[in-house]
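J.: please work out how this folds:
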Amino acid sequence: MADQYQYNTNEEKIVKDSHTKEIDLINRDPKQINEDVVKVEFEDVIAEPDGTHSLDGVWKLSYTTFTVSKYWCYRILSAIFGIPVALLWGFLFACISFCHIWAVVPCIKSCLIESQCISRIYSLCIQTFCDPFFEALGKIFSSVRVALRKEV
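T.: Next up is the predicted model:
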């Protein structure tokens, strides 16, 4: 009885762990899928060439305005739309997984089974009709000798 309880506890723990994975709140892009796409800094967007400079105060305020507005705009948009969009992406990938598991793979397996059947029939036809024909042709032309002569 104790072994069964331990087994059920471990099984429940495994199931629970697969659905409630710990999330790294520091490194939020561990696979670096957005490494060069979304990293936009002030210097990547706004630059003043030599000879055309604004006032230092304007340049500093522009930098601060850009950085803070980008930060808070992203925060507000992700707070408003993050959960609904995550829900939509989760639904989309669930549908893709469902179609792949229940339609695509069975269809491919069915085609492979049918193609094996057709392959056997094709192989049988080749062995029955074409092999003897080409074997006979090979025997007929096996006695042909080709001689090359150089004319001077």
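J.: where do the strands sit along this protein?
T.: Counting by DSSP state E, the chain has no strands to list.
J.: where do the helices of it begin and end?
T.: The residue ranges that make up the helices of the chain, judged by DSSP state H, are 2-19, 42-45, 56-99, 105-125, 131-141.
J.: out of these, which comes closest to residue 152?
T.: Distances from residue 152 to each of the helices of the chain were compared by C-beta to C-beta, and the smallest falls on helix 131-141, at 30.4 Å. Using the backbone N, CA and C atoms, a C-beta is placed for each residue, glycine as well.
J.: quick one: buried residues of the closest one?
T.: Across helix 131-141, burial judged by 16 or more other C-beta atoms under 10 Å covers no residue at all.
J.: same question for stretch 49-66.
T.: Within stretch 49-66, the residues scored as buried using 16+ other C-beta under 10 Å are residue 66.
J.: need the pLDDT of residue 95.
T.: Reading off the confidence values, residue 95 has pLDDT 97.
J.: separation between it and residue 37?
T.: Residue 95 is 25 Å from residue 37, where distance means C-beta to C-beta, to the nearest Å.
J.: try residue 101
T.: With distances defined as C-beta to C-beta, the gap from residue 101 to residue 37 amounts to 30 Å.
J.: report the backbone C-alpha coordinates of stretch 127-140 in PDB.
T.: Taking C-alpha atoms only, stretch 127-140 is exported to PDB below (Å, rounded to 0.1, in the frame of the first residue of the first chain):
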ATOM      1  CA  GLN A 127      10.600  -8.800 -62.700                       C
ATOM      2  CA  THR A 128       8.000 -10.600 -64.800                       C
ATOM      3  CA  PHE A 129       8.100  -8.600 -68.000                       C
ATOM      4  CA  CYS A 130      11.100  -6.300 -68.300                       C
ATOM      5  CA  ASP A 131      13.800  -8.500 -66.700                       C
ATOM      6  CA  PRO A 132      13.400 -11.400 -69.200                       C
ATOM      7  CA  PHE A 133      13.200  -9.000 -72.100                       C
ATOM      8  CA  PHE A 134      16.400  -7.200 -71.300                       C
ATOM      9  CA  GLU A 135      18.100 -10.400 -70.300                       C
ATOM     10  CA  ALA A 136      17.300 -11.800 -73.800                       C
ATOM     11  CA  LEU A 137      18.500  -8.600 -75.400                       C
ATOM     12  CA  GLY A 138      21.700  -8.800 -73.400                       C
ATOM     13  CA  LYS A 139      22.300 -12.400 -74.700                       C
ATOM     14  CA  ILE A 140      21.500 -11.400 -78.300                       C
END
